[in-house]
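1. Sequence and predicted model, in that order:
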Amino acid sequence: MDIASIVGVVAALAIVFVVQAIDGGHASSILLFAPLLLVFGGAFMAATAGGVLKDALNFPKLLQRAFLAKVTPPTKLVDDIVKLAERARREGLLALEDAVKTVEHQFLKRGLQLAIDGTDPEELHDILHAEVAAKKKADKASMKLLEGMGGYAPTIGIIGTVMGLVHVLENLADPESLGPAISSAFVATLWGVLSANVIWLPLASRLTRLSGIEAEEMELIIDGVLAIQAGSNPRLVAQKLRSLLPPDARKAAEAASTKKAA
Amino acid sequence: MDIASIVGVVAALAIVFVVQAIDGGHASSILLFAPLLLVFGGAFMAATAGGVLKDALNFPKLLQRAFLAKVTPPTKLVDDIVKLAERARREGLLALEDAVKTVEHQFLKRGLQLAIDGTDPEELHDILHAEVAAKKKADKASMKLLEGMGGYAPTIGIIGTVMGLVHVLENLADPESLGPAISSAFVATLWGVLSANVIWLPLASRLTRLSGIEAEEMELIIDGVLAIQAGSNPRLVAQKLRSLLPPDARKAAEAASTKKAA
Amino acid sequence: MDIASIVGVVAALAIVFVVQAIDGGHASSILLFAPLLLVFGGAFMAATAGGVLKDALNFPKLLQRAFLAKVTPPTKLVDDIVKLAERARREGLLALEDAVKTVEHQFLKRGLQLAIDGTDPEELHDILHAEVAAKKKADKASMKLLEGMGGYAPTIGIIGTVMGLVHVLENLADPESLGPAISSAFVATLWGVLSANVIWLPLASRLTRLSGIEAEEMELIIDGVLAIQAGSNPRLVAQKLRSLLPPDARKAAEAASTKKAA
Amino acid sequence: MDIASIVGVVAALAIVFVVQAIDGGHASSILLFAPLLLVFGGAFMAATAGGVLKDALNFPKLLQRAFLAKVTPPTKLVDDIVKLAERARREGLLALEDAVKTVEHQFLKRGLQLAIDGTDPEELHDILHAEVAAKKKADKASMKLLEGMGGYAPTIGIIGTVMGLVHVLENLADPESLGPAISSAFVATLWGVLSANVIWLPLASRLTRLSGIEAEEMELIIDGVLAIQAGSNPRLVAQKLRSLLPPDARKAAEAASTKKAA
Amino acid sequence: MDIASIVGVVAALAIVFVVQAIDGGHASSILLFAPLLLVFGGAFMAATAGGVLKDALNFPKLLQRAFLAKVTPPTKLVDDIVKLAERARREGLLALEDAVKTVEHQFLKRGLQLAIDGTDPEELHDILHAEVAAKKKADKASMKLLEGMGGYAPTIGIIGTVMGLVHVLENLADPESLGPAISSAFVATLWGVLSANVIWLPLASRLTRLSGIEAEEMELIIDGVLAIQAGSNPRLVAQKLRSLLPPDARKAAEAASTKKAA
């Protein structure tokens, strides 16, 4: 599990409350029910209105994925594919039938199965690429919910503040209560800006990052499966797949392979 | 009917008024005629000025589509096409003449009709893709009206507030009325931000989403019609069309097809 | 003439002044010479500085085009081209020599003339497409002036307001005049936001829309001229050109053609 | 020399000071050393930090180019190329050896020289297009400095204002000096917004426009040189090159050519 | 080492403190622990939450690269490749085996090694281009951290200010302390805007610039290695590679080569 989002969100919120305490404030003065309802409820509802029902129902899963996603180093994936390529070259493509069952990566599994089933290479290429494209589109669409919440939350917070100020300005008779009333009016803006910049926008950006990593993995798998199907030289397969890795992962992979070869 | 927009807009507005009530305000203090006229009328007129007359006259239809659009799961569409492919393979393309009459999806109907009429595959491909492109362009153009309203509403609200403040500042002699006067000046900003973020921008984003879903359906139909015309193996057609579905729909479709096969 | 921009701009300005009157203000309190000079003159000069002299000199023509552009339904264009295709098929390409003289659309005229002159189809395709691309670029460049004014006007308005406040703050001795002085400082912001959102940005968006419509017409004409030159079947020409129309225009065109055929 | 930027920037600044004078202010109250240093120095330094040293050292040349660039009508260029095409067709490509020496446009000169040197047409095409691409990239990179200054100036102005307000708020004891102190705090914002919107952003937009015009000229030259090398018919060369011109220049060119032919 | 970022960031910060001193302020009034913790810690944590853990751990390296990157003029690179091309042409590709060991540029080294190892030209092209694409993607992803911090810092600064104002408004009883309390509330906004516009955004823009320069170098190397492998004429290689250089570097390179030839 990649803990960047859990650490980031928790630490950022902790910093906010610590800074408030340093300045002598109390969390209770900003943990008010009305602005929290307005900002969280309003932003979620506005974002819901901007998509289809399925997108909104997908919200808990989306959060779960953003916070708990596992990020495996692609170097392991390259090693797995190269091993499969070696075996396929030695024992033939059909010898992978057993190996496929223990493959964890769902997309690699399906790609290999299609190859073993004798799917035409061009067709295989088209089907797998269509899946990558469909996955990217679906990820982008579901990510819009969080992006929408990040966009709506601050402005809905401003609505709360303006509404509060309107109320205060209509009741100027009681100067005693002016300060606290204006103060609580500003709390809506605070939560609007805070929730957008510390929760929704970072999570949307995280999902974009995860989607990119997964799509790159899938592209790498496609190249690998096609090379296995074509019976390419495993050394060449390794070289080609490594050129698709991010520079630092490539260097690590090359170092490891040199060591192994030695 | 996909109720996301109705639920979202109604719930967001409800939350705003509930929060106002919690804070002790009355809806009557923000439901003022002048700012409502300014913000809704002004934004609509500015957006009208930014397009052609047809776009503005299309406004009621646009709202209707945004709120009431039906979203059918594409899995059903795939099943329908696969059934047609099976029949065409068994009984020949012309046997679909009857089946076409009961097809609900207008684009699928037209595509099949063109195929049955013996249109050249390449021509068929070009005509159907031109329709998808034209549809996307038309959707984008008509969506601009809502996007424009979402962009103009907050700034026109600010115009109302500045105008109100200008008026207040010219009449500082009467301190009693200052509070309520400033208060009502701010109501224009409130409606500008509120209408943009809870109505216009979500609806514009919704229309983009719907247009994307429909265009994907049309692309899927094109692939399906071309495969039927080419007399492809129905099993392959199903596999190919499923690879175009969003991942979750694909999994559901595969699970269903495996069950059926069993 | 498509009146969307005239109606939109006039109605939006009318709403602003009506709302001001409802609130008890007078137009005279915002129709001040200095802020009007600053906002309109400053924005035009800043936008001028951002292009070449020709762009700025083109300003009156640009406004004229934005307000007075004629938008003809493309269905008529398709009918005209189909009629020309029928005649060319019956009587040969050279028979169009006379018909060309009465063609109103300049681009269609030039395209046909090139075809009649015996220009090579590929050359014809390249020349006409180069014209579309050049037209799009020129439209985009000339539209930048309005987009620039829409971007600079609000910030130049803010400059006026800050300048006014600076002046007020230096002369706090006379509290009587404070209110009106601050009030007139805000008028610059008002005109900055108003001119941008009710005039410049809508007109820029309108020009983009018009340019898109005209470019689509030209693309349609290119397909039509090439089909005429190739001596295609007029029924096929009609079908192909209609697939390029926006969905609603396409349906209207098909309905009309079915009626005629009946 | 195209004077749009000189006229635009000077006139916009003049309007600002005239408006200030109309309102009874003095230029001296905004021409303060500290905010000018902060806004101009800070924005330049921040933009410098965002590039490589060469970009920043290029600043004087960049200003010079933005203000003093010459814009020649492309119609003359087309005429020149057509004349060269005529001569090459009559007397052979090598006959251009002399003519090349008097060609002013550097890119046309180099293109012709490569053609005369017998460079392979495809190689010639690749080399010249690579130069256009490199030129576009270099222009874009150098333009970033001005775009950066336009982006940083207003926010650095706000930093000055906030710093001023912080200073004022710490010294509330002396109410006499409050007004002027707040006033001079706002001057930083004024210069930030003013310099960005009247100088940096217009100049950045101007450089983009100039780069576009020059790149179009180069594309036109490439088509011309390749046509000359291929020994095309000068009338066809003229027709093809004119289709690359902006619509108004094309019409002027065609009118001129028709007159000459008559 | 290219010192633009060090000079830019240090000078911009120096200007800020100098201007503060000119206005009579003390650095101590803005160097407050709480807002610094909030703005720097909060922005880093929010940006961390928006990526994967590796991105955040990469932060020190990222800063180091942004500040200390070396930028070598590409003209030297062209000279090196041309020399290698001359030698390869004279003595054969295998003669480069020794020369490769002294090549500094890692990517050139690997490209030559692959060529010497007899990799198929098309395969070589694909592998090297895949590395460029992977490098661009990795740079973009790692740059997002700084871009994120530049986006989050100002809004988190506003959170600090609103929190401070909320605290002030709840404690209006003590008018003495009002000024300093509001003052320190604004310091959070100051650091938010300052850190974003003088540190994070310039550094993000710098990394984009560096990545672009390096990618262009790699593209140039690919063309060079492929030309060497193909045994092209060194004079042609020089001409082709120079056409890929930025215009000013190209001119310098041509001048130098003409001088050498003379």
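-> Perfect, thanks for sending it.
2. burial count for A:A27?
-> Other residues lying near A:A27 total 10 when counted by other CB atoms under 10 Å in any protein chain shown. To be clear about C-beta, it is placed using only N, CA and C from the backbone, and glycine gets the same treatment.
3. Is there proximity between whatever helix or strand A:V166 lives in and chain C?
-> According to DSSP states H and E, A:V166 maps onto helix A:121-170. No: using CB under 8 Å from any CB of the partner chain, helix A:121-170 stays clear of chain C, coming no nearer than 15.3 Å.
4. Now that helix: average pLDDT?
-> For helix A:121-170, the mean pLDDT works out to 93.
5. quick check: angle from that helix to helix E:121-170?
-> With axes from the mean of the first three to the mean of the last three CA atoms, to 10 degrees as the basis, helix A:121-170 and helix E:121-170 are set at 10 degrees to each other.
6. now helix A:121-170, how far from the centre of its chain.
-> 12 Å (CA atoms, centre = their mean, to the nearest Å).
7. contacting residues around the closest residue to A:W191 other than its chain neighbours?
-> Leaving out its chain neighbours, the residue that sits closest to A:W191 by CB to CB, 6 or more residues apart in numbering or on different chains is A:V39, at 4.3 Å. By CB atoms under 8 Å, 6 or more residues apart in numbering or on different chains, the residues touching A:V39 are A:153, A:156-157, A:160, A:188, A:191-192, A:195.
8. So is the host helix or strand of A:I222 next to chain E?
-> Element membership for A:I222 (DSSP H and E) is helix A:201-229. Yes: using CB under 8 Å from any CB, helix A:201-229 reaches chain E at A:201-206, A:209-210, A:212-213, A:216.
9. List the residues that contact the closest residue to A:I3 other than its chain neighbours.
-> Among residues not flanking A:I3 along the chain, E:L53 sits closest, at 6.2 Å (CB to CB, 6+ apart). Shown in contact with E:L53 (CB under 8 Å, 6+ apart): A:2-4, A:7, A:71.
10. Identify the residue of chain A closest to chain B, quick one.
-> For chain A and chain B, the shortest gap (CB to the nearest CB) falls at A:A49, measuring 2.7 Å.
11. Grab the nearest non-local neighbour of that residue.
-> A:A49 sits nearest to B:G8 (CB to CB, 6+ apart), 2.7 Å away.
12. Surely the one you found and A:G50 touch.
-> Yes: the pair B:G8 / A:G50 is scored as a contact, 7.3 Å apart, by CB atoms under 8 Å.
13. neighbour-wise, which of these two wins?
-> Neighbours were counted for B:G8 and for A:G50 using other CB under 10 Å; A:G50 has more, 30 against 26.
14. Which of the contacts of E:L53 lies at the shortest distance from chain C?
-> Nearest to chain C out of these is A:A4 (CB to the nearest CB; 36.8 Å).
15. And the closest one, what's its pLDDT?
-> We have a pLDDT of 94 for A:A4.
16. residues contacting it?
-> Residues near A:A4 by CB under 8 Å, 6+ apart: A:206, E:48-49, E:51-53, E:55-56.
17. Could you list the low-pLDDT ranges of chain A?
-> A:259-262 (pLDDT under 70).
18. Run a quick neighbour tally on whichever residue of the stretch 1-150 of chain A sits closest to chain C.
-> Minimum separation of the stretch 1-150 of chain A from chain C (CB to the nearest CB) falls at A:V52, amounting to 20.8 Å. Applying other CB under 10 Å, we find 20 residues neighbouring A:V52.
19. my guess is it contacts B:G212, does it?
-> No: here A:V52 does not reach B:G212: they are 10.2 Å apart, not a contact under CB under 8 Å.
20. Distance of the residue of chain A closest to chain B relative to B:V10?
-> According to CB to CB, to the nearest Å, A:A49 and B:V10 sit 9 Å apart.
21. For A:V103, give me phi and psi.
-> Per-residue torsions, A:V103: phi -70, psi 130 (degrees, to the nearest 10).
22. Alright, calling it a day.
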